[in-house]
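Trainee: Curious how this folds, go ahead:
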Amino acid sequence: MARRIIPVLISLVLATVGTGAIMLYLRSADERAVEGKQARTVLVADRQIPAGTSGKVLRTKGYLRQVRMPVETLPEDALAQVTGNLDPLVTTAPVQRGQLILRAMFGTGGASGSGSGIPAGQMAVTARVRSAVFGPASLRPGARVAIFYTYTPADERKRDVVSGAGLEKGRDINSVTRLLMTDVEVISVGPAPTDGTGTAGTSGGGGSDELSVTFGLNQVDAERLAHAVALGGELNVGVLGDSSNVKPDSGVDNRSLFG
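Mentor: Prediction:
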């Protein structure tokens, strides 16, 4: 019996020593990363955080861990701790493991209890949009945006009629990009699905230049967006500023791209 116990004890000791060595190495790696730079402690997600998770739950249920990062690499609203004033607020989009925790990730939960912060009188509609044009970091919950739609028209004489064949591409195929709607509020932003179950576009699973964006829309605009998605094509958004002047027009196609 003793002969069996001794190897087990030796294995446990070696495992403990190995784990300690790894932790020391990781700690020294963090220290080397900030060596010679001004650094501060911030929070990152220690595991995936579902949308609608309250600040109180984050603070008390082990969702977060502290790391040291160079100040020059941090957004202004990076959080060092989740304080009590965030307890009644919720995350407006899923947060992935290792993602930096920002103040802008929190909002007021909707009356439905979904935590999505749905504006009064509207509904939440989610679509996959291209992020290559505006950059994913520039799109935050609460932003007001214009939604643009790129599609293949039925024929040259009917640019207002979408073909329904998705966004076709080819040497002799013309495509059109037009304003679909404007002054739309973004409720949440998250990674595009990768299993082909997303709600937008003709490209299947989410790509590296795509995001899953939830908008607050009235019934008419929700119907328009849902129909555009069903017809195929691609969605882009433009973030609006206080003085942005965006109006419907005839858009641009392959032949008028350069004026």
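Trainee: in terms of contact, does L235 touch T126 like I think?
Mentor: No - using Cβ atoms under 8 Å, L235 is not in contact with T126; the gap is 11.2 Å. For every residue, glycine as well, the C-beta is placed using N, CA and C.
Trainee: Report the contact partners of G238.
Mentor: The neighbours of G238, taking Cβ atoms under 8 Å, 6 or more residues apart in numbering as the test, are 133-134, 145-146, 148, 246.
Trainee: Grab the most central residue of this structure for me.
Mentor: Nearest to the geometric centre of the chain sits G190, at 2.5 Å (Cα atoms, centre = their mean).
Trainee: ok now the helix or strand where that one lies, how far from the chain's centre?
Mentor: Secondary structure from DSSP states H and E places G190 in strand 176-191. Here strand 176-191 is found 13 Å from its chain centre; the criterion is Cα atoms, centre = their mean, to the nearest Å.
Trainee: Give me the buried positions along it.
Mentor: Neighbour counts using 16 or more other Cβ atoms under 10 Å place 176-182, 184-191 of strand 176-191 among the buried residues.
Trainee: and if you look at stretch 244-259?
Mentor: Buried residues in stretch 244-259, counting neighbours by 16+ other Cβ under 10 Å, are found at 251-253.
Trainee: Compute the first-to-last residue distance for it.
Mentor: 21 Å (Cα to Cα, to the nearest Å).
Trainee: Just the mean pLDDT for it, thanks.
Mentor: Confidence for stretch 244-259, expressed as mean pLDDT, is 91.
Trainee: so how far is it from its chain's centroid?
Mentor: Centre-to-centre, stretch 244-259 and its host chain are 27 Å apart (Cα atoms, centre = their mean).
Trainee: Likewise for stretch 47-63?
Mentor: Worked out by Cα atoms, centre = their mean, stretch 47-63 lies 17 Å from the chain centre.
Trainee: would you put the C-alpha positions of that stretch in PDB?
Mentor: This file holds the C-alpha atoms of stretch 47-63, laid out as PDB (Å, rounded to 0.1, in the frame of the first residue of the first chain):
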ATOM      1  CA  ARG A  47     -15.200  34.300 -18.400                       C
ATOM      2  CA  GLN A  48     -17.900  35.100 -20.900                       C
ATOM      3  CA  ILE A  49     -20.500  37.600 -19.600                       C
ATOM      4  CA  PRO A  50     -24.100  37.300 -21.100                       C
ATOM      5  CA  ALA A  51     -25.900  40.400 -22.200                       C
ATOM      6  CA  GLY A  52     -28.100  41.700 -19.400                       C
ATOM      7  CA  THR A  53     -25.800  40.800 -16.500                       C
ATOM      8  CA  SER A  54     -26.000  43.400 -13.800                       C
ATOM      9  CA  GLY A  55     -23.100  45.300 -12.300                       C
ATOM     10  CA  LYS A  56     -23.900  43.700  -8.900                       C
ATOM     11  CA  VAL A  57     -23.600  40.200 -10.400                       C
ATOM     12  CA  LEU A  58     -20.300  41.000 -12.000                       C
ATOM     13  CA  ARG A  59     -19.000  42.300  -8.800                       C
ATOM     14  CA  THR A  60     -20.000  39.400  -6.600                       C
ATOM     15  CA  LYS A  61     -20.000  36.300  -8.800                       C
ATOM     16  CA  GLY A  62     -16.400  36.100 -10.000                       C
ATOM     17  CA  TYR A  63     -16.800  37.300 -13.600                       C
END
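Trainee: Right, I'll call it a day here.
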